[in-house]
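Q: what shape does this take:
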Amino acid sequence: MIIDAGRVALGKMIKGETVNAFTYIDVGDGMDSSSASQTTLDHSVLLERKSATPEIVGNILIYSVDFTGSQLGSNKISELGIFNALTGGDMLSRVTFNSIGPLAADETISFTFRLEVV
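A: Got it, this is the predicted structure:
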């Protein structure tokens, strides 16, 4: 779901205003449905958001990101958000999924997030 703040930022980009690029991914353990007015994840489990520059294929933005068990700690994850700042900033999109984890410190989990602009 594209969040309200993400829609406003996209509108500003179309208008030609400068907006920080949405190149940071955060994960958390929230389980509720995404709300258009939401501005953050329910509960981030990362110490720092991870940088991820999307690939553009036609009208689809494709984000790819990997996390190790040591980055996630002993947490399970069930939500992912895309942001335009390392801390704070605007959230473009949030999705929830069935809980994953916890991972062993040396295990890696990969996410591919596709955002179609229509």
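
Q: just to be sure, Ala21 is in a strand?
A: No - read with DSSP: H, G, I helix; E, B strand; the rest coil, Ala21 is coil and lies in no strand.

Q: okay, it: pLDDT?
A: Note for Ala21: predicted pLDDT of 96.

Q: now Phe83
A: 97.

Q: okay, and the beta partners of it?
A: Legend: beta-bridge partners of Phe83 under DSSP bridges are Tyr24, Met91.

Q: I'd like to know how far it sits from Tyr63.
A: 11 Å (C-beta to C-beta, to the nearest Å). The way it works is simple: take the backbone N, C-alpha and C, and place the C-beta from them, glycine included.

Q: and if you look at Asp32?
A: Taken as C-beta to C-beta, the span from Asp32 to Tyr63 is 22 Å.

Q: which of these two has more neighbours?
A: More crowded of Asp32 and Tyr63, by other C-beta atoms under 10 Å: Tyr63, with 21 against 10.
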